[in-house]
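# Prediction below, plus the sequence it came from.
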Amino acid sequence: MRDALVLIHALREPESVASFDGEQWTQLISIARAESLIGSLAHRLKDVRVPDRVRAVLQDAIEAHDLARQQALWEADCADRALADYPGKVVLMKGTAYVADNLSAGVGRSIGDLDIMVERSDLPFVEAALLDAGWEWVKPDPYDDQYYRDHMHELPPLIHRERDRMIDVHHTTLPLTAGPEPDANAMLESAVRLNDGLYVMAPADMLLHSIAHLFADGDLAGGLRNLWDINLLIKEFSDADEGFWLEVDRRAKLHGLEAALGRATRLAARIYRTSIPDSRAENPKFSDSLYMRRLLARDGYGRETRKFTRFAFYVRSHWLRMPPMMLARHLWTKWRKGGNPAK
């Protein structure tokens, strides 16, 4: 097997696995695990007849992700209690936001760190409250700490000393040195309050944050999972609101994410057959094929392939984050210190 298309087919057409043999199942599960989509795949195949041994693997994945969901919600509650005296909005982001808001994108979704966003001017208050509640710094190096504070969209990561769970405190959605400059104040102002007092982004902003996270803030590692999120968010939000696409366009212009929105919708339609307005599927870009090549770069064992393509996107990710001279200075500093470039 030369790429991850078998996983794509299984996610969008679950019945396509009905005739799989043992080798095909091994390849599918290996790729799904490598792409952090095994929980999503397991839920998609719940009503499909599969071999008993495969069913056991899929059931284990469902149970593991059910536990991860509970842990994510518990960690969000812990952060909420630690910030009980904070008068501003605490906005959940990414996977935790999906499960807290009971969105389809949260079903089977792998969830790592807890990501929250607060007002930038309130970072000292939030930082002090979390440190007082048992979180501590992951990056003790003074250079890394200053780099985060001066150039990144978040504080240096924190980990709780007892629960061993990490939290990333954002004040916007992209590094300050990146090209697009999303309007974080507008995102906070439009955030939707949940029953427990925490917030999630409004639908258009939530979709655009997922898109920004995929295209403007990395080398597309985990790209198939992020694009699956985008596929599900588009379907759920556009089905619920006829004016959703108009609002997405308006917010994309505000946040400087129009190009990223166009690419995301084209790729989602091409890979997952996401239903989008016809006008958005027109004028495909040649570079879309390069993104496809990168997103599908797995073999039948789940191993990374197409090393040159991956390296090119790795270089691109750093190029997007900072101007050339700043990038050269940063890489030189990290090389001298024997570390890896800060993300």
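Good, I have the coordinates.
# Run through the stretch 51-200 of the chain and note the low-pLDDT ranges.
Scanning the stretch 51-200 of the chain for pLDDT under 70 picks out 139.
# let's go with 80 and repeat that
Along the stretch 51-200 of the chain, the parts satisfying pLDDT under 80 run over 139-148, 150-151, 177-179.
# And the helices in it?
Counting by DSSP state H, counting those that start in this stretch, the stretch 51-200 of the chain has helices at residues 52-82, 94-100, 123-132, 142-151, 184-190.
# okay, those, which one's buried deepest?
helix 94-100 (a mean of 24; mean count of other C-beta atoms under 10 Å). Every residue, glycine included, has its C-beta placed from N, CA and C.
# Centre of the chain to that helix, how far?
Offset of helix 94-100 from its chain centre (C-alpha atoms, centre = their mean, to the nearest Å): 10 Å.
# For it, give me every contacting residue.
Helix 94-100 has contacts (C-beta atoms under 8 Å, 6 or more residues apart in numbering) with 69, 72-73, 75-76, 91-92, 103, 105-106, 109-112, 114-115, 194, 196, 198, 200-201, 206, 209-210, 213, 229.
# Can you flag the buried ones in those residues?
69, 72-73, 75-76, 91-92, 103, 105-106, 109-111, 114-115, 198, 200-201, 206, 209-210, 213, 229 (16 or more other C-beta atoms under 10 Å).
# from those residues, which ones fall inside strands?
Secondary structure from DSSP state E places 91-92, 114-115, 200 of those in strands.
# burial count for Gln24?
Gln24 has 15 neighbours, counted by other C-beta atoms under 10 Å.
# Identify the residues contacting it.
Counting by C-beta under 8 Å, 6+ apart, Gln24 touches 6, 17.
# and if you look at the one 10 residues further on?
Ala34 makes contacts with 298, 302-304, as judged by C-beta under 8 Å, 6+ apart.
# what does Gly112 give?
By C-beta under 8 Å, 6+ apart, Gly112 lies in contact with 95, 166.
# now do the one 4 residues further on
Counting by C-beta under 8 Å, 6+ apart, Ile116 touches 76, 79, 90-93, 167-170.
# Show me which of those is closest to Leu267.
Using C-beta to C-beta, Met93 is the member of the contacts of Ile116 that lies nearest Leu267, at 21.7 Å.
# Hmm, the closest one is touching Asp115, no?
Yes - using C-beta atoms under 8 Å, Met93 makes contact with Asp115 at a distance of 3.9 Å.
# Which neighbours do these two have in common?
What both Met93 and Asp115 touch, as defined by C-beta under 8 Å, 6+ apart, is the set His170.
# And the contacts of the helix or strand hosting Met292?
Taking DSSP states H and E as the criterion, Met292 maps to helix 286-295. With contact meaning C-beta under 8 Å, 6+ apart, helix 286-295 is reached by 4, 220, 223-224, 227, 263, 266-267, 270-271, 306, 309-310, 313.
# for that helix, what is the average pLDDT?
When pLDDT is averaged along helix 286-295, the result is 90.
# elements contacting the next helix or strand after it?
Using DSSP H and E, the helix or strand that follows helix 286-295 in sequence is helix 307-321. In terms of contacts (3 or more C-beta pairs under 8 Å, 6 or more residues apart in numbering; DSSP states H and E), helix 307-321 is packed against helix 286-295, helix 324-337.
# Taking their axis directions, helix 307-321 and helix 286-295 sit at what angle?
Put simply, helix 307-321 runs at 110 degrees to helix 286-295, going by axes from the mean of the first three to the mean of the last three C-alpha atoms, to 10 degrees.
# Which two of the contacts of helix 286-295 have the greatest separation?
Farthest pair in these, by C-beta to C-beta: Arg266 and Arg310, 21.3 Å.
# which of the two has more neighbours?
Arg266 (20 against 17).
# rewinding a little: go through the ones in strands among the buried ones among the contacts of helix 94-100 and name the one nearest Tyr147.
Once C-beta to C-beta is applied, the member of those that ends up nearest Tyr147 is Asp115, at 18.9 Å.
# I figured the closest one hits Ala79, correct?
No - checked against C-beta under 8 Å, the pair Asp115 and Ala79 is beyond contact range at 10.3 Å.
# Give the residues shared as contacts by those two.
Ile167.
# on that earlier part again, export the helices of the stretch 51-200 of the chain to JSON lines and append columns for distance to His43.
Formatted as JSON lines, these follow (distance: least, C-beta to C-beta, whole Å):
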{"stretch": "helix 52-82", "distance to His43": "6"}
{"stretch": "helix 94-100", "distance to His43": "13"}
{"stretch": "helix 123-132", "distance to His43": "33"}
{"stretch": "helix 142-151", "distance to His43": "35"}
{"stretch": "helix 184-190", "distance to His43": "29"}
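# most centrally placed residue in this structure?
Nearest residue to the geometric centre of the chain (C-alpha atoms, centre = their mean): Asn226, 5.1 Å.
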